[in-house]
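Asker: Would you be able to build a 3D model of this:
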Amino acid sequence: MNEERWYQHQLRVRYAETDQMGVVYHANYLNWFEIGRTELIRELGYSYRSIEHKGLLLPVVEAEVKFKKPARYDDLVSINTRVLEMSSVRLHFAYEIRKINEELTTSSADKEGELLVTGTTRHVWVNPSWKPVRIEKEAPELWQLLSEYS
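Answerer: Model prediction:
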């Protein structure tokens with residue numbers, strides 16, 4: 001797999017995503033991971049809706065999050081997502097949440113931003129009955145796109 005191929009999606013931290021301490025509530029990072037992977041797949045030409053219309057689901061079977069520094073209200077962050085591994089039945093994503101320093105956007109080193117959170121999720125392709133399916137047989141065009149991207 002291509003370890004350097006990251007998809008980036010930016011968002012601004014909303015007030016509702018923060019807790020009483022003024023930092024992003026920890027569970028929101030899992031929502032951001034979902035945004036990262038759905039937007040990565042959309043960038044490849046597929047929406048989750050179109051995948052579900054094909055009778056395919058991609059539930060999370062494992063998640064890991066490592067917190068380094070907090071994001072705060074109104075921070076501009078990037079959700080960086082990549083495919084770590086894939087097989088015909090499983091898909092494994094990696095994530096990095098980075099704070100973008102809006103004042104220093106001319107610096108190439110700063111474009112990556114300050115690393116705040118890392119994580120991974122593992123998924124299994126299933127049908128609506130929650131039986132595992134082989135993605136290369138059920139959606140060969142999606143399999144091809146994911147294979148070329150990863």
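
Asker: ok, and what's touching the worst-scoring helix or strand of the chain on mean pLDDT?
Answerer: Every helix and strand of the chain was ranked by mean pLDDT, DSSP states H and E. The lowest is helix 140-149, at a mean of 91. For helix 140-149, the external contacting residues (C-beta atoms under 8 Å, 6 or more residues apart in numbering) are 5, 40, 44-46, 51, 83, 86, 88, 91, 135-136. Backbone N, C-alpha and C define where each C-beta goes, glycine included.

Asker: In three-state terms, label Val117 for me.
Answerer: The local conformation at Val117, judged by DSSP: H, G, I helix; E, B strand; the rest coil, is strand.

Asker: My read is that it contacts Leu30, right?
Answerer: No - contact criterion C-beta atoms under 8 Å: Val117 and Leu30 do not qualify, at 10.3 Å.

Asker: Those two - which one has more neighbours?
Answerer: Remark: of Val117 and Leu30, Val117 carries more neighbours, 23 against 15, as counted by other C-beta atoms under 10 Å.

Asker: Just give me the neighbour total for Pro83.
Answerer: No Pro there; residue 83 is Val. For Val83, the neighbour count with other C-beta under 10 Å is 21.

Asker: beta partners for it?
Answerer: Beta-bridge pairing for Val83 (DSSP bridges): Phe93.

Asker: on that earlier part again, just the buried subset of the contacts of helix 140-149, written out for PyMOL, thanks.
Answerer: To isolate the buried ones among the contacts of helix 140-149 in PyMOL, judged by 16 or more other C-beta atoms under 10 Å, type:
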select buried, resi 40+46+51+83+86+91+135+136
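
Asker: No more questions from me, cheers.
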